[in-house]
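J.: below are the sequence and a predicted model for it; my questions follow.
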Amino acid sequence: MSTMRKRRCYDVSSAADVQKENVQQETRQDFHLDLWLCFTLQNWILDFGRPIVMIVLPLEWFPLNKPSAGDYFHMAYNVITPFLLLKLIERSPRALSRTAIYVCIVTFVMGASIHLVGDSINHRLILSGYQLHLSVRDNPIIKDLKPASLIDSFELLYYYDEQLGHLMWYIPFFIILVIYFSGCFCDAEEQKKMPVSGWLLLGPSALYYWYLITEGQISELFLLTCVAMGALVIHQRRKGLGPDSNGRFLLYSLGVAAFLVAVWVLFLWDDPVLRHKYPGIIYVPEPWSYYTLHIKGSH
């Protein structure tokens, strides 16, 4: 008798768990307006707005030997963004590798933290006359330093800020986006349609990715991400599946960002100074280099 009761309880609980799982899966496949809105707002305020607030606020409020307002913005970004990425992964209707996600999150936080230190010092150099459109050794405030070995230290700082920090920051970021995108496929037509809120967020989201690609100097990584997502779309279409509303939002955001990058490159194609600063096959100037060269220098 007790065995029958246990079996009934188990059957009832199992049915409840299955029903709960189905409800969660249906919910997760809806457009994640709350998360995409939070991503867009915090990216614009805490990342794009970070150098702007350092320029706008009076220098007397944040002495050069203390963290600036932009540094506090960066600290908030380093905490909020990993949290949002984890929440995004949680909403994926498909089970994803937790180990890969955790490794990416840890690497992301470490890379963003390295960039925080390098970027903080770099901004103080800008306030002292450092020109972003010139290399470290070509900057007037750097090349006259004594002893000359100090220049090597500033080049090391530049390496941590603009190269190692960016790679450890952006590689795991885009890997997580690709992993999440791999679970954003379905065969229901109504779930593939992007709502009006998604179309409204598309412009600000794409514009931020343009800034991320150009200022972060991650054109190659961005291209690899687009290729990986395109391969996933082709593979899933063979199964009769297509991107759901969240997958389409991510795909369209990166597509529009690619178009904006192409327009930006064409706009500055014949700029001799930026051409010298950014040699190589892929020429994508940084917006803040353009600012120090053509906007700040004209005042």
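T.: Sure, I can see it. Keep in mind that this is a model prediction, so the values were computed, not measured. Numbers count the residues shown, from 1 in each chain.
J.: what are the buried residues along the helix or strand hosting residue 123?
T.: Element membership for residue 123, per DSSP states H and E: helix 98-127. For helix 98-127, the neighbour count (16 or more other Cβ atoms under 10 Å) marks 101, 104-105, 107-109, 111-116, 118-120, 122-126 as buried. Glycine gets a C-beta too; all of them are placed from N, C-alpha and C.
J.: dump whichever helix or strand comes after it to CSV, restricted to CA.
T.: Past helix 98-127, heading to the C-terminal end, the next element that is a helix or strand (DSSP H and E) is helix 140-143. Backbone C-alpha positions of helix 140-143 (Å, rounded to 0.1, in the frame of the first residue of the first chain) are rendered in CSV as follows:
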residue,chain,number,x,y,z
PRO,A,140,55.3,64.3,-27.7
ILE,A,141,54.7,63.7,-24.0
ILE,A,142,56.2,60.2,-24.2
LYS,A,143,59.2,60.4,-26.5
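J.: give the buried residues for helix 140-143.
T.: For helix 140-143, by 16+ other Cβ under 10 Å, it's residue 142.
J.: distance between that helix and the chain's centre?
T.: On the basis of Cα atoms, centre = their mean, to the nearest Å, helix 140-143 sits 32 Å off its chain's mean C-alpha point.
J.: check stretch 152-165 too.
T.: Relative to the centre of its chain, stretch 152-165 is centred 20 Å away, using Cα atoms, centre = their mean.
J.: which positions within that stretch qualify as buried?
T.: Quick answer for stretch 152-165 (16+ other Cβ under 10 Å): 154, 157, 158, 160, 161, 162, 165.
J.: also stretch 245-261?
T.: When burial is assessed from 16+ other Cβ under 10 Å, stretch 245-261 yields the following buried residues: 245-258, 260-261.
J.: contact partners for residue 118?
T.: With contacts taken as Cβ atoms under 8 Å, 6 or more residues apart in numbering, residue 118 has the following neighbours: 157, 158, 160, 161, 162, 165.
J.: quick one: which of these sit in helices?
T.: Among the contacts of residue 118, DSSP state H puts 157, 158, 165 in helices.
J.: for residue 122, see how far away the second one is.
T.: The one in question is residue 158. Taking Cβ to Cβ, to the nearest Å as the criterion, residue 158 is separated from residue 122 by 8 Å.
J.: quick one, what contacts the nearest residue in space to residue 158 that is not next to it in sequence?
T.: Setting aside the residues directly before and after it, residue 158 is nearest to residue 136 in space (Cβ to Cβ, 6 or more residues apart in numbering), at 5.2 Å. Contact criterion Cβ under 8 Å, 6+ apart gives 142, 151, 154, 155, 158 as the residues in contact with residue 136.
J.: using JSON lines, lay out the residues you listed together with distance to residue 53.
T.: Listed next are the contacts of residue 136 as JSON lines, based on distance: Cβ to Cβ, whole Å:
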{"residue": "142", "distance to residue 53": "26"}
{"residue": "151", "distance to residue 53": "30"}
{"residue": "154", "distance to residue 53": "25"}
{"residue": "155", "distance to residue 53": "28"}
{"residue": "158", "distance to residue 53": "23"}
